[in-house]
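>>> A predicted structure for the sequence below; I have some questions about it.
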Amino acid sequence: QVQLQESGPGLVKPSQTLSLICTVSGGSITTSYYAWSWIRQPPGKGLEWMGVIAYEGSTYYSPSLKSRTSISRDTSKNQFSLHVSSVTPEDTAVYYCAAGPRGGWDYWGKGTLVTVSS
C-alpha cells in the first residue's frame, strides 16, 4: 500500500517561495507508469490540480500556475517536492500530494495547511 506524507512550513510570507515535500512509502516513485501529483484546496473552494511528475521524471503543470510552480524529486529519498514562487494570500490552501497509475489519484496524503500571511 502506497502511503504519502506532506511536510513543510505552515506559514509563508507574501512574495516568498512555498516549498513542500511529499515522502513516499510502500512504493517507489520510479515505479513504471506511476505519476505523482500536487493538488491544493483553498478555504471554501474546490480541488485544484497543480502539477505532476511522472515515474521517469517528466513534469506537467497547470497552465494557470506554470510560471510560478516547479516539481522535482529525490529518488534516493523516495520524495518529490513542490515549489511555488511569489506567493500571495490567494495561495493559502491545504496542499495534498497524490499518486496513482497513469496520473490517477488512487493514493493521497493527509494534506498540510499552508497559510500565506505577513
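Looks like it arrived, so ask away. Numbering: from 1, shown residues only.

>>> so the spatially most central residue of the chain is in which element?
Within the chain, one residue has its C-alpha closest to the average C-alpha position: by C-alpha atoms, centre = their mean, that is W38, at 2.9 Å. Counting by DSSP states H and E, the element that carries W38 is strand 34-41.

>>> so what does that strand touch, helix or strand wise?
Contact partners of strand 34-41 among helices and strands, from 3 or more C-beta pairs under 8 Å, 6 or more residues apart in numbering; DSSP states H and E: strand 18-25, strand 48-54, strand 93-101. Placement of C-beta: from N, CA and C, glycine included.

>>> Can you say which of those is packed in most?
When you average the neighbours per residue for each of the helices and strands packed on strand 34-41 (mean count of other C-beta atoms under 10 Å), strand 93-101 leads with a mean of 21.

>>> what does that one rub up against?
2, 4, 6, 8, 20, 22, 24, 27, 33-43, 48, 80, 82, 105-114 (C-beta atoms under 8 Å, 6 or more residues apart in numbering).

>>> could you redo the last one with a cut-off of 6 Å?
Here strand 93-101 makes contact (C-beta atoms under 6 Å, 6 or more residues apart in numbering) with 4, 6, 20, 22, 33-34, 36-42, 105-109, 111-114.

>>> And the residue nearest to L20 when sequence neighbours are not counted, what's its pLDDT?
Counting by C-beta to C-beta, 6 or more residues apart in numbering, the nearest residue to L20 once its immediate chain neighbours are dropped is G8, at 3.8 Å. As summarised for this prediction, G8 has a pLDDT of 97.

>>> what's in contact with stretch 64-75?
For stretch 64-75, the surrounding residues in contact (C-beta under 6 Å, 6+ apart) are 29-30, 50-51, 53, 59, 61, 80-86.

>>> mind giving me TSV with the residues you listed and columns for pLDDT, secondary structure and distance to S118?
Rendered in TSV, the data for the contacts of stretch 64-75 read as follows (pLDDT from 0 to 100; DSSP: H, G, I helix; E, B strand; the rest coil; distance: C-beta to C-beta, whole Å):
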residue	pLDDT	secondary structure	distance to S118
I29	96	coil	35
T30	96	coil	40
M50	98	strand	23
G51	97	strand	26
I53	97	strand	31
T59	97	strand	30
Y61	98	strand	27
F80	98	strand	29
S81	98	strand	24
L82	98	strand	22
H83	98	strand	20
V84	98	strand	17
S85	98	coil	17
S86	98	coil	14
